[in-house]
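Colleague: Got a sequence here, can you model it:
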Amino acid sequence: MAACTTEKLESDAFDEINDPGAAPYGNFINYYTFNPPENRLNLIPKTLIQDLGYSDSHGTTLMLDVGCNSGELSVALYRHLQQKPQSEEDTKAAGTLHLLGFDLDESLIRRAQQTNPLPTNISFIPLDITEDTESRSQLEGYLTRHGCSRFHVCVCLAVTMWVHLNHGDSGLLELLSRLASVSQHLLLEAQPWKCYRSAARRLRKLGRCDFDHFKTLRIRGDVAQHATEHLERHCGMELLQSFGSTAWDRKLLLFKRK
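Modeller: As a prediction, this is how the structure comes out:
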């Protein structure tokens, strides 16, 4: 009963606030009004950076936020993990944690850039992770500027389904492989299959064409488990910890490079 209620609430929230047909990649313009940052932050330990072995003495710690939308969660996550006074001057002096957020929607990124309270340590760029050459070049450039070969922590929350629906099974697996290749740790929230059905139902309700790959996807059911198997078997990563499930019944899984 709880799962069904959660799915209905999620679907109603999207329908009331956004037209899903206008956001085929999950780039909803008011996303954080119905899924506020606290839904994830309540599950993520404030000591995560230290728990993973990254501290002030470690030097620069780089975090990547995949599909950051308009940046509210990026900023809230940074403040949640930094645990230091968050004026711009204090952050500049600390200089230990840097976060790069990206999204394929340029209008959302412009909003994130305009409202960014910590531009010294948080950056936002428009980027489509499915575009291999461009995305690899920009991410590698950012890493090089900070003297690192990988991001210490990559955060990918509620992005997998949209890549999966728009680029098929191969697109989902390629996304996971790409993120694993640039990350030391990966915090993943993969939407469960019921979310796919809800997204497809919303399109039909609006009289729009279904997602191109929805009916041909072979990866179904427990998508988080499929993602875990791919990351462990093919990407040199292992599941380190589960932080439980969000209010929308989505698991937060932490992986690390072996």
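Colleague: Residue 184 - that's part of a strand, no?
Modeller: Yes. Secondary structure of residue 184 (DSSP: H, G, I helix; E, B strand; the rest coil): part of a strand.
Colleague: what about it, distance to residue 237?
Modeller: 10 Å (CB to CB, to the nearest Å). Heads up, the C-betas are built off the backbone N, CA and C, glycines and all.
Colleague: any common contacting residues for the two?
Modeller: Taking CB atoms under 8 Å, 6 or more residues apart in numbering as the contact rule, the neighbours common to residue 184 and residue 237 are 256, 257.
Colleague: other SSEs contacting the helix or strand residue 142 falls within?
Modeller: Counting by DSSP states H and E, the element that carries residue 142 is helix 132-145. Using 3 or more CB pairs under 8 Å, 6 or more residues apart in numbering; DSSP states H and E as the contact test, the elements touching helix 132-145 are strand 61-66, strand 97-103, helix 160-181.
Colleague: can we see that at 10 Å?
Modeller: Helix 132-145 sits against strand 61-66, strand 97-103, strand 122-126, strand 151-157, helix 160-181, with contacts defined as 3 or more CB pairs under 10 Å, 6 or more residues apart in numbering; DSSP states H and E.
Colleague: Need the ones you listed in CSV (columns: mean neighbour count).
Modeller: Shown next, in CSV, are the helices and strands packed on helix 132-145 (neighbours: other CB atoms under 10 Å):
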stretch, mean neighbour count
strand 61-66, 25
strand 97-103, 25
strand 122-126, 20
strand 151-157, 24
helix 160-181, 20
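Colleague: Just put those in TSV and tack on distance to residue 43 and mean pLDDT.
Modeller: Supplementary listing: those in TSV, determined by distance: least, CB to CB, whole Å; pLDDT from 0 to 100:
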stretch	distance to residue 43	mean pLDDT
strand 61-66	16	97
strand 97-103	18	97
strand 122-126	21	97
strand 151-157	11	97
helix 160-181	18	96
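Colleague: Quick one, which of those gets closest to residue 23.
Modeller: When these are ranked by distance to residue 23, counting by CB to CB, first place goes to helix 160-181 at 8.9 Å.
Colleague: Can you check what angle separates that closest one from strand 61-66?
Modeller: Counting by axes from the mean of the first three to the mean of the last three CA atoms, to 10 degrees, helix 160-181 lies at 150 degrees to strand 61-66.
Colleague: who's more crowded, residue 184 and residue 237?
Modeller: Here residue 184 and residue 237 are compared on neighbour count by other CB atoms under 10 Å; more neighbours surround residue 237, at 25 against 21.
Colleague: Let me see the contact set for that one.
Modeller: Contact criterion CB atoms under 10 Å, 6 or more residues apart in numbering gives 176-177, 179-181, 183-186, 188, 228, 230-231, 255-258 as the residues in contact with residue 237.
Colleague: Quick one: low-confidence residue ranges for the stretch 1-150 of the chain.
Modeller: Counting by pLDDT under 70, the stretch 1-150 of the chain contains low-confidence residues at 1-22, 56-58, 83-95.
Colleague: Helices of the protein, start to end?
Modeller: For the chain, helices defined by DSSP state H occupy the ranges 2-17, 31-34, 38-41, 48-51, 72-82, 88-94, 106-115, 132-145, 160-181, 193-205, 223-234.
Colleague: Please name every helix or strand in contact with the longest one.
Modeller: Counting contacts by 3+ CB pairs under 10 Å, 6+ apart, helix 160-181 packs against strand 61-66, helix 132-145, strand 151-157, strand 183-189, helix 193-205, helix 223-234, strand 237-245, strand 251-257.
Colleague: let's go with 6 Å and repeat that
Modeller: Under the contact criterion of 3 or more CB pairs under 6 Å, 6 or more residues apart in numbering; DSSP states H and E, the helices and strands touching helix 160-181 comprise helix 223-234.
Colleague: got the buried residues for the helix it packs on?
Modeller: Of the residues in helix 223-234, those buried by neighbour count under the rule 16 or more other CB atoms under 10 Å are 223, 224, 226, 227, 228, 230, 231.
Colleague: rewinding a little: pull out the buried residues from the helix holding residue 142.
Modeller: Buried residues in helix 132-145 (16+ other CB under 10 Å): 135, 138, 139, 142, 143.
Colleague: Thank you, goodbye.
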